[in-house]
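# My questions concern the predicted model and sequence given below.
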Amino acid sequence: MSQATFLNRQALFLRPDSTRVVVRPFKPAVEPRDFNPTDKSRANHIVDRVLALDSETAESLLADVLENFDGRHRNLLATFENRAGEMEEAFAAHVAFSKVQRQLIGAYFLHEYSFEASALFNPSIVMHPDQSGVPQGSQRFILSLRAVGEGHVSSLTFRTGLIAADGSVEIEPTARLASTPTLHTRISEHLGEPIDVSFSSQQHISERVIFPITPAQSNGIEDARFVEFHDDGQSTFYATYTAYSGKAIRSELLETSDFISFRMTPLKGTAARNKGMALFPRKIDDRYAMIGRQDNENLYLIYSDDLYTWEEGQLILRPKFPWEFVQMGNCGSPIELDEGWLLLTHGVGPVRRYAIGAALLDKKDPSKVLARSKEPLVRPEPSEREGYVPNVVYTCGAMRHNDQIVLPYAVCDTFSNFSTIKISDLLKTLDG
């Protein structure tokens, strides 16, 4: 069966939008050639200059900043105050100053960051925890996306939408504003401690942006693979993702029940040293299970009694067909079907062309591969070959909807699109 026969591309393009910005801390750099340990820091120099302004000038300047940036962000004055509070070390050499001076100083140590100016890709999809008011046969969903801005820093952003009974997909309009969460945990030097953050429940989900927080994440929160995990009648949304420091990577776990409050925890163990881990949506034989790729080439099944510790697993899939000769990887958490676990995979072939395939794993023993794609389900079409990284289609997770698989996927590490595939047709393409 040809790709064109069963793959329904929706032509619902989600493209990066440089007008969406958040405010981030700004830290003036010190040139090594100019460094003198007896001098004040550049931060203190900025504070000195602000304090040298007379009160009328300072008030006028603050009003001008608010006029210029108000409407682009929520609660700007409170944001300026909070930033001033974080900069107390720069105030040690100064006498007390006015509220206006403090707010103005806070503004000088912030900058706008266009978090999705370069790319909006590698999507993952799960059912929305709130299905109230949804038409019969339809489902509301949450889509996570990797957003990339200046300096190729990756963050996590969200969209919501609706899958109709016939499989057609709609995306809700994106909020005009965007913001980062409130941090509830003190960042320490001890690696492995969880970090708690939260947003206001009044913010639309598309307004919520999880930007790198810890040193291990400083250059990116990459490729979140979301799954709704069921255990003892309770549902929790987990996402495995890659934390990138600019020099090293590690796997971490994001967890939430409402997409308002989140906990971020580094994973431990030898299997967590690489990227691309994906959690099964429930325990198997009373143990947690993951699909991972520890060797940059093959896929492994990993079990653990501890959600946060993952050691070496059992190799279950290795490159077999030409479209995946270079390497394989998972494309999100396995999806439970009557026939078994549907695992979407990616393969890399000639000229580093990425394509998406699938494998069917035994439901009771996922180490048994029942069937797999001889040919890709999705490969770059002529209209989907150009972008930041040419010849790539990629996803971080699909979702079952009635008799179909809803597959959001990225194109050339630049933008995202949707396809739907009937499960019966997909299974027919798999060879034993």
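Thanks, I have the structure now. Numbers count the residues shown, from 1 in each chain.

# ranges for the strands of the stretch 201-350 of the chain?
Using DSSP state E, counting those that start in this stretch, the strands assigned to the stretch 201-350 of the chain run over residues 209-210, 220-231, 234-244, 249-256, 261-266, 278-279, 288-292, 299-304, 314-317, 327-330, 335-337, 340-348.

# Look up how far E336 lies from W310.
21 Å (C-beta to C-beta, to the nearest Å). Heads up, the C-betas are built off the backbone N, CA and C, glycines and all.

# So which of the two has more stuff around it?
Neighbours of W310 and E336, each counted by other C-beta atoms under 10 Å, are more numerous for W310; the result is 27 against 15.

# measure that one to Q203 for me?
33 Å.

# The spatially closest residue to N274 that is not a sequence neighbour: neighbouring residues, count only.
Closest residue to N274 apart from its sequence neighbours, by C-beta to C-beta, 6 or more residues apart in numbering: Q294 at 5.1 Å. Using other C-beta under 10 Å, Q294 has 21 other residues around it.

# show me what contacts Q294?
270-271, 273-274, 300, 312-313 (C-beta atoms under 8 Å, 6 or more residues apart in numbering).

# Could you tell me which of the residues you listed count as buried?
271, 274, 300, 313 (16 or more other C-beta atoms under 10 Å).

# quick one: which two of those are the most distant?
N274 and G313 (11.4 Å; C-beta to C-beta).

# anything in contact with each of these two?
In contact with both N274 and G313: 292, 294, using C-beta under 8 Å, 6+ apart.

# what sits opposite the residue nearest the centre of the chain in the beta ladder?
Nearest to the mean C-alpha position of the chain, counting by C-alpha atoms, centre = their mean, stands L156 at 3.5 Å. Legend: beta-bridge partners of L156 under DSSP bridges are R146, I210.

# Surely it and R225 touch.
No. Judged on C-beta atoms under 8 Å, L156 makes no contact with R225 at a distance of 11.4 Å.

# which residues are common contacts for the two?
In contact with both L156 and R225: Y241, using C-beta under 8 Å, 6+ apart.

# The residue nearest to R282 when sequence neighbours are not counted: neighbouring residues, count only.
Leaving aside its chain neighbours, R282 sits nearest to H230 (4.9 Å; criterion: C-beta to C-beta, 6+ apart). Using other C-beta under 10 Å, H230 has 13 neighbouring residues.

# Just to check, H230 is in contact with Y238?
No. Contact between H230 and Y238 fails when scored by C-beta under 8 Å: they sit 11.0 Å apart.

# who are the neighbours in contact with H111?
23-24, 26.

# I'd like those laid out as TSV, including neighbour count.
Formatted as TSV, the contacts of H111 follow (neighbours: other C-beta atoms under 10 Å):
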residue	neighbour count
V23	21
R24	17
F26	14
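
# could you dump those residues to a markdown table with pLDDT, distance to Y113 and secondary structure?
Shown next, in a markdown table, are the contacts of H111 (pLDDT from 0 to 100; distance: C-beta to C-beta, whole Å; DSSP: H, G, I helix; E, B strand; the rest coil):
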| residue | pLDDT | distance to Y113 | secondary structure |
| --- | --- | --- | --- |
| V23 | 96 | 7 | strand |
| R24 | 94 | 5 | strand |
| F26 | 90 | 10 | coil |
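
# between those, which is nearest K428?
Among those, and counting by C-beta to C-beta, the member closest to K428 is R24, at 49.1 Å.

# Hmm, that closest one is touching F211, no?
Yes. Assessed by C-beta under 8 Å, R24 is found in contact with F211 at 7.0 Å.

# Quick check: neighbours shared by these two?
With contacts defined as C-beta under 8 Å, 6+ apart, the residues shared by R24 and F211 are 113, 180.

# Kindly indicate which of the contacts of H111 lies nearest G133.
V23 (33.9 Å).

# ok, what's across the strand from the residue lying closest to the closest one once chain neighbours are set aside?
Nearest non-adjacent residue to V23, counting by C-beta to C-beta, 6+ apart: L110, 4.9 Å away. Listed by DSSP bridges, the beta-bridge partners for L110 are P25.

# In contact with L110, which residues?
23-26, 79-80, 83.

# May I ask which two of these are separated the most?
Longest span within these, C-beta to C-beta: R24 and F80, 13.4 Å.

# end-to-end on stretch 161-179?
20 Å (C-alpha to C-alpha, to the nearest Å).

# Next, the buried residues of it.
161-163, 167, 169, 171, 174-175, 177-179.

# Point out the least confident member of those, please.
pLDDT across these is lowest for G167, at 91.

# Could you verify that that residue is part of a strand?
No. Per DSSP: H, G, I helix; E, B strand; the rest coil, G167 lies outside any strand segment and is coil.

# tell me which element the closest residue to it other than its chain neighbours falls in.
Once flanking residues are discounted, G167 sits nearest to T420: 4.4 Å by C-beta to C-beta, 6+ apart. Using DSSP states H and E, T420 falls within strand 415-422.

# That strand: how far from the chain's middle?
18 Å (C-alpha atoms, centre = their mean, to the nearest Å).

# Pull out the buried residues from that strand.
So, applying 16+ other C-beta under 10 Å, buried residues of strand 415-422: 415-422.

# Repeat that for stretch 334-341.
Buried, per 16+ other C-beta under 10 Å, within stretch 334-341: 334-335, 340-341.

# Would you format those residues as JSON lines with pLDDT and distance to L104 included?
Converted to JSON lines, the buried residues of stretch 334-341 look like this (pLDDT from 0 to 100; distance: C-beta to C-beta, whole Å):
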{"residue": "P334", "pLDDT": "98", "distance to L104": "53"}
{"residue": "I335", "pLDDT": "98", "distance to L104": "53"}
{"residue": "G340", "pLDDT": "98", "distance to L104": "62"}
{"residue": "W341", "pLDDT": "98", "distance to L104": "57"}
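
# any weak-confidence spans in this structure?
Across the chain, residues meeting the criterion (pLDDT under 70) sit at 1-5, 30-40, 89-95, 188-191, 432.
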